[in-house]
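*Asks:* Mind folding the following:
(chains A, B and C)
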Amino acid sequence: MHKESELRPPLILGDKTWHDISNDVCRPVESKANKWWWLAFSLSLAAFLWWVIAVSYTVGTGLGVWGLNKTVGWAWDITNFVWWVGIGHAGTLISAILLLFRQKWRLSINRSAEAMTIFAVICAASFIVSHMGRPWVAYWPLPLPNQFGSLWVNFNSPLVWDVFAISTYFSVSLAFWYTGLIPDFAVVRDRANTKWRKRIYTILSFGWVGSAKNWQRFEEVSLVLAGLSTPLVLSVHSVVSMDFATSVVPGWHTTIFPPYFVAGAIFSGFAMVQTLLIIVRKVLTLEDYITIYHIDMMNRVILITGSIVGVAYITEFFIAWYSGVEYEQYAFINRATGPYWWAYWSMMTCNVITPQLFWSKKLRESVFATFIISIFVNIGMWFERFVIIVTSLHRDYLPSSWTMYSPTWVEAGIFIGSLGLFFTCFLLFARFFPVIAMSELKTIIKSSSEGAKKKQSKTPKSEQHA
Amino acid sequence: MSAKHKKFVYGIFKDDEVVMNAIPVLKSQGLRVKDVISPFPIHGLDHALGLERTRISITCFLYGMTGCSLALLMMYYMNIFDWPMDIGGKPSYAFYKNLPAFIPVTFESTVLCAAHGMVITFLLRSKLLPGVEPHVIHPRMSDDHFVMAIQITEDSEAANVETKLRAAGAVETIK
Amino acid sequence: MLSLSGANADQRYKIKPSQQSSVVASLYNKVAAMAGGTSVSAAATPYDKQLDTIAKELMNAKGKSVVVSGSNDPNEQVVVNAINHLLGNYGATLNLDRACNLKNSNDAGVAELLNDMNSGQLGAVIFWNSNPAYSLPDAKSFVTALSKVPVKISFADREDETAQHCDYICPDHHYLESWGDAEPYKGSFSLMQPTIRPLFKTRQAAESIMKWAGATQADYYTYIRDFWAAKIYPMQSGISSFEAFWTQSLRDGVFESGFVMGGVSSFTGDVAAAANQLSKPASGIELVTYEKTGLGNGTHGNNPWLHELPDPITKICWDNYFAVLPAFATKMGWRQGTVIEVKSGNTTVKGPVLLQPAMADETIAVAIGYGRTKTGKAGDNVGVNAYPFVSMSGGALKYFATGVNVNKTVDDDYQLATTQSHHTMMGRDIVKETSLAAWLKDPSAGNHVHLIESPYGPKTPEQLDLWATPEQPGHERPNHAWGMGIDLNSCIGCGACVIACNAENNVPVVGKDEVGRSREMHWIRIDRYYTSDTNKQNAEEKGLGKLDMYGEMEIPAADNPQVMFQPVMCQHCNHAPCETVCPVAATTHSSDGFNMMAYNRCVGTRYCANNCPYKVRRYNWFKYSDNEQFPFNMNDNLGKMVLNPDVTVRSRGVMEKCSMCVQRIQYGRLEAKKENRKIKDGEIKTACAQSCPTNAIVFGDFNDANSQLSQLFKDERSYHLLAEVKTKPSVFYQTKVWNRPAVEGDKHHS
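*Replies:* Residues are numbered from 1 along each chain as shown, chains lettered A, B, ... in the order given. Now for the predicted structure:
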């Protein structure tokens, strides 16, 4: 029996029993959706519809309906792709890396965070397909035998690395998420009292029974998947960063990108988790499980990764100066003082200054402050990708090709539509899937819940060793 | 072992510590404690039940090696042997020279095969597939109750087992 | 106006149009003072000292110079001829043996025609290859006068501005459907023959005239044959049968009769009288009209290639504009895109302002040839018609006006479509230049080589390679290694290569809106750079920090910047950044040394274009052919006849770029193969190399040590653009050498 110090803050508030957990987490699944859910769902669906229209228009007419040109070949499309992939990384970090570090506070948030990862990667993948000039042959970057020779793909290209990395990341996250969901579906199945709920959750739970051997294998699989997903988190966003780092464009061609991007991804991902969970815990009344302590811990991660990102920005500047390469130096001078200076300074304010506010315990534990700051962080991270991509491309080696870029309503629509897609998926998830990892959470009731801590403090020290 | 259906007596417990304490007691009383069904994994249970360590992580390693070799072989075949092309001057005439470019895909393929191989093995070995009907012994066995399965050979043993189970802390028994 | 000649000049002086005559007269006086002529009256000019120097240099190069003026004033031309005479150029650099029959016009005759029409003396008027209702300065009066003529016939191939007022339009054949002959230079006779049957129900104009004149010959072909048999065939004695002579002439295309005028002409003009007639410098705002290099006088107003060709100096497409010096615009409260109303005499024209460095102050320049209304769907209503600004003066057309009034309108935001919005090199080593003096001392002057520290010591970028070892030096070029060399000293920036490439490679026209969004499709472009007042060398002296320095380097020199041209097409890098990043291997390198592009494999991710440091890749943002939104040339069956059948027409979503005219390389290879021989140097020419009027572009084989390309590459002036990025291009440039005391590039070091 794992004994935990009574000094550690409780991870589950209130005198919760295992049955309470089952009830609290299954209630949203078993009851009808309330009006807030329907309002949010309608808005998301409408936004998603806008996505459908904008993407269809793009695919039907041509990428010319976007604002790209011969100098700036990527802008909002790849900004959004990297933004979404970055957001997804927090989920895997919470499920995998916090597992390896035995951080039990991950248990009430990992399910939602992983779901966020899945949906974020879906959104990211949508940008990959829609940004192609000929999306109807989007499968050509896959190394499939074909009638052209066979003509194989170019494994030197970071985009092919991306194909493998993103698909691996998506499928492994999906497998990890779903594996964890199986015992929880079994809980819903066993409680189900309507015919359809029983049928569906029986299928979804794959016939799970919590026998000792099953749990033994389950634990092992979770541990190994966590061990596999950890390097995946680090490698996938490194591979995404290499879309830029392996190029010759000044402002892109820098070896700091892999760690810089990974830190930034975790930074923005945790911010998005905060945004989502602050809403979820309130609407689904799960404040006893997603406590202020959880919010505090996530804010600390935001603070750390935000500081890493800030240091990376300063390092970039320093290296640009120290290298003496005039193209690199001009790239940074242009970022800070050129026509897109407003994007650069938004990025700096949102990414470097705002997370530093979390040094204050008061702000770390304030739900309202966290919500606002998390949104600013995500705005800042969006601008970071925009600044990297557009300011480097629009003014590179030969001044004769320098030009400006501005988005069209179609690009804006696709971005907002992707938010719609994301929230539609997430809202459906919150409605039909247990949003907290019930079964795993039950393992810490006796050591980390408030009730257990109270009992612990009442028991004399001499009897606490067992 | 004969092919006939195994017989079990189930004891329902409400606390995992009680279960863990009961197992050695019941075992010393000669009962064959075959399995414990719990809503969450109990630390130390597999050891107490005498379950063998799962070899699934070994399979994961093997799948990973497969993925690694497959990827390297695939890229060697496609970019060096079958149709090498002069792409940016990259040395497609020598595998080891072009190897740095192949590392990301190799790594991802390793993880892909390791993870999916292991998960599929897990699902198959545990017979978890969509459409499999679960054997639900107690409706709250996934909620907050624990089911201990004692194997018996004759139905006559059932009553004895039940008594011992209740003595060990079971709140219910099922034949 | 900064003309192409001015841009390429070693020394350029800015003068207002009204000052030109005085400058010419002053130059005459200076030369006369040294060569023993009498001086004439000449108003003062601001360039007295410079004219002294020029006169001295001209005298030092007696018989080895040429003085020309673009003026349409016969008096000024008389003074110019006198200068050339004093310099002893006639018989040396100027040869009057062969009179040029091109561009002969009769301005006074047209004025007389107007009078005749008005007085009712004319019974009929026939218009052939002319469009006075558009291009005459006083077109309105002409149209009014025309209405008084009973019979009006036009041979135009379309209902143009003049034909619309005619009673009959009898469309002439296209010149490619026609028989004809010409004498471009006295004594040179050329023949025109049709290359295609008439596409439409047209009749050759000459034949119509024959019919109306009651000629006996059945057709114009017979008429020409008869003429040549009677008049031209007797001029030679080498071929004894007319049939043989006719066939030979048709095949050669031209017959040189060897006619020579004989003798060195002596100058008999009255310089003093001419000088007295010259216009005097004026004060106030002046306007000058000019022909753009591409569009010319507007005859080809419906040619979308010409409209989309970025003007060599301004890089503006699909428009004309009022070009003014930026400082002058600031003084007047204008900015680029402000619409102004220019009034000269009875003419008022509204148009946008363009900021143009190196112009004379208080001068507005506007191109004629625009503002057509009846040329076709591509060219109608493009730009404004500036012909009304032209006036008659002393029996000749005068192409500038003084005492011009300008009003600013409320419209401040006219969008001009440009292909280049940054005009300086920002201190980067892009066009390398040197002065003649420095080059004579050291042929590699200005061509500073970047040395990179490596584990093997300092090496040039060409010597460094991540993978090459002596045993395995990289991908082989066993057969050919095609490449191109561009001599920046010869390139004048005219843009003929751009049009040639468009024609050869089915490059789509995208129209003004798309050009405005930086999406023009030209595979080759000509970058035009101005020097700026601030550069890395003098920034320190000026006390500027890096930020301020870069800010000021963006601005072209306020007074008289140097202009540099650089044609840039795909550099066919051997370590191409674009090839590495294509996920589907749509772009790879051939064993012939050039970068290939497989259109049908491209999925359109655009990473290659992002990674190209030269930005030479072009993307098909829309389907530019068979698309109503782009009704330029690939949209109907007639337009599609222009397409080169050897080159794919690209679909939407696909990347394209210069292919080194691979279809021509293929053709050359196959011809050589059929004849069982090697390819001869110079046999294959890319379209750009073929069309360059100064032979600045050379295509050839690096593997052939005797090829012209290889010889050029050995020259110390040769360099690779952005060599330090180590892309190892197959295209090289050669340093520009200015005949000036010293240039910025001489001091360049980094």
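*Asks:* so what's the residue lying farthest from the centre of chain B closest to, chain neighbours aside?
*Replies:* The C-alpha centroid of chain B is most remote from B:G89, which lies 48.5 Å away (Cα atoms, centre = their mean). Nearest residue to B:G89, sequence neighbours excluded (Cβ to Cβ, 6 or more residues apart in numbering or on different chains): C:H575, at 4.0 Å. Yep, even glycine has a C-beta here, placed from its N, CA and C like the rest.
*Asks:* for that neighbour, what are its contacts?
*Replies:* C:H575 is in contact with B:88-89, C:465, C:726-728, counting by Cβ atoms under 8 Å, 6 or more residues apart in numbering or on different chains.
*Asks:* Excluding chain neighbours, what is closest to the residue in chain B positioned nearest to chain A?
*Replies:* Across chain B, the shortest distance to chain A (Cβ to the nearest Cβ) belongs to B:V132, at 2.9 Å. Leaving aside its chain neighbours, B:V132 sits nearest to A:G207 (2.9 Å; criterion: Cβ to Cβ, 6+ apart).
*Asks:* Report the closest residue of chain A relative to chain C.
*Replies:* A:G133 (1.9 Å).
*Asks:* That residue touches C:R606, doesn't it?
*Replies:* Yes: in this structure, A:G133 is within contact of C:R606 by Cβ atoms under 8 Å, at 7.4 Å.
*Asks:* Looking at those two, which is more packed in?
*Replies:* Ranked by neighbour count (other Cβ atoms under 10 Å in any protein chain shown), A:G133 and C:R606 place C:R606 first, with 24 against 21.
*Asks:* Relative to A:A75, how far out is the residue of chain A closest to chain C?
*Replies:* 15 Å (Cβ to Cβ, to the nearest Å).
*Asks:* same question, A:R431
*Replies:* Counting by Cβ to Cβ, the gap from A:R431 to A:A75 is 35 Å.
*Asks:* For these two, indicate the residue with more neighbours.
*Replies:* More crowded of A:R431 and A:A75, by other Cβ under 10 Å: A:A75, with 23 against 16.
*Asks:* which residues touch the more buried one?
*Replies:* Shown in contact with A:A75 (Cβ under 8 Å, 6+ apart): A:66-68, A:386, A:389-390, A:393, A:405, A:407, A:411.
*Asks:* which one among those residues gets closest to chain B?
*Replies:* For those, the nearest to chain B is A:L393 (19.4 Å; Cβ to the nearest Cβ).
*Asks:* count of neighbours near that closest one?
*Replies:* 28.
*Asks:* before we move on, what SS does it have?
*Replies:* Of the three states, A:L393 takes helix according to DSSP: H, G, I helix; E, B strand; the rest coil.
*Asks:* Okay, and which of the contacts of A:A75 map to helices?
*Replies:* Using DSSP state H, the subset of the contacts of A:A75 located in helices is A:386, A:393, A:411.
*Asks:* now, among those, which is nearest to A:E4?
*Replies:* Of all these, A:F386 has the smallest distance to A:E4: 44.4 Å, by Cβ to Cβ.
*Asks:* Could you find the closest non-adjacent residue to the closest one?
*Replies:* A:T79 (4.7 Å).
*Asks:* and stretch C:422-440, anywhere near chain A?
*Replies:* Yes: residues of stretch C:422-440 contacting chain A under Cβ under 8 Å from any Cβ of the partner chain: C:422-428, C:430.
*Asks:* so does stretch A:8-26 get close to chain B?
*Replies:* Yes: Stretch A:8-26 lies within reach of chain B by Cβ under 8 Å from any Cβ, at A:17-19, A:22.
*Asks:* which residues are in contact with that stretch?
*Replies:* The contact list for stretch A:8-26 (Cβ under 8 Å, 6+ apart) reads A:104-105, A:107-108, A:184, A:187-188, A:191, A:285-289, A:291, A:293-294, A:434-436, A:438, A:441-442, A:444-445, A:448-454, B:39-40, B:140, B:142-144.
*Asks:* try 7 Å this time
*Replies:* Identification of contacts with stretch A:8-26 by Cβ atoms under 7 Å, 6 or more residues apart in numbering or on different chains yields A:104-105, A:108, A:187-188, A:191, A:286, A:288-289, A:291, A:293, A:434-436, A:438, A:441-442, A:444-445, A:448-451, A:453, B:39, B:143-144.
*Asks:* same question, stretch A:245-258
*Replies:* A:158, A:238, A:241-242, A:244, A:312, A:315-316, A:319, A:327-328, A:331, A:388, A:391-393, A:396, C:577, C:581, C:610-611, C:613, C:725.
*Asks:* Could you rerun that using 8 Å?
*Replies:* Against stretch A:245-258 from outside (Cβ under 8 Å, 6+ apart): A:158, A:237-238, A:241-242, A:244, A:312, A:315-316, A:319, A:325, A:327-328, A:330-332, A:335, A:388, A:391-393, A:396-397, C:577, C:580-581, C:607, C:610-611, C:613, C:725, C:727.
*Asks:* buried set for the lengthiest strand in chain C?
*Replies:* Secondary structure of chain C read by DSSP state E shows that its longest strand is strand C:347-355. By 16 or more other Cβ atoms under 10 Å in any protein chain shown, the buried positions in strand C:347-355 come out as C:347, C:349, C:351-355.
*Asks:* what's the burial count for the residue in the stretch 351-466 of chain A that chain B sits nearest to?
*Replies:* Residue nearest to chain B within the stretch 351-466 of chain A (Cβ to the nearest Cβ): A:K442, separated by 4.2 Å. Applying other Cβ under 10 Å, we find 28 residues neighbouring A:K442.
*Asks:* my read: it touches B:I42, true?
*Replies:* No: judged on Cβ under 8 Å, A:K442 makes no contact with B:I42 at a distance of 10.2 Å.
*Asks:* Convert stretch A:5-22 to PDB, retaining C-alpha atoms only.
*Replies:* Output in PDB follows, covering the C-alpha atoms of stretch A:5-22 (Å, rounded to 0.1, in the frame of the first residue of the first chain):
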ATOM      1  CA  SER A   5       3.100  12.100   3.300                       C
ATOM      2  CA  GLU A   6       0.100  14.000   4.700                       C
ATOM      3  CA  LEU A   7       2.000  17.200   3.900                       C
ATOM      4  CA  ARG A   8       1.400  16.600   0.200                       C
ATOM      5  CA  PRO A   9      -1.800  18.400  -1.000                       C
ATOM      6  CA  PRO A  10      -4.700  16.000  -1.700                       C
ATOM      7  CA  LEU A  11      -5.300  15.100  -5.300                       C
ATOM      8  CA  ILE A  12      -9.000  14.300  -4.800                       C
ATOM      9  CA  LEU A  13     -11.000  16.700  -2.700                       C
ATOM     10  CA  GLY A  14     -14.000  15.700  -0.500                       C
ATOM     11  CA  ASP A  15     -14.600  12.400   1.100                       C
ATOM     12  CA  LYS A  16     -14.700  10.500  -2.100                       C
ATOM     13  CA  THR A  17     -15.100   6.700  -2.400                       C
ATOM     14  CA  TRP A  18     -14.500   4.600  -5.400                       C
ATOM     15  CA  HIS A  19     -18.200   4.600  -6.000                       C
ATOM     16  CA  ASP A  20     -18.300   8.300  -5.900                       C
ATOM     17  CA  ILE A  21     -15.600   8.500  -8.600                       C
ATOM     18  CA  SER A  22     -17.700   6.200 -10.800                       C
END
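*Asks:* Perfect, I'm done here.
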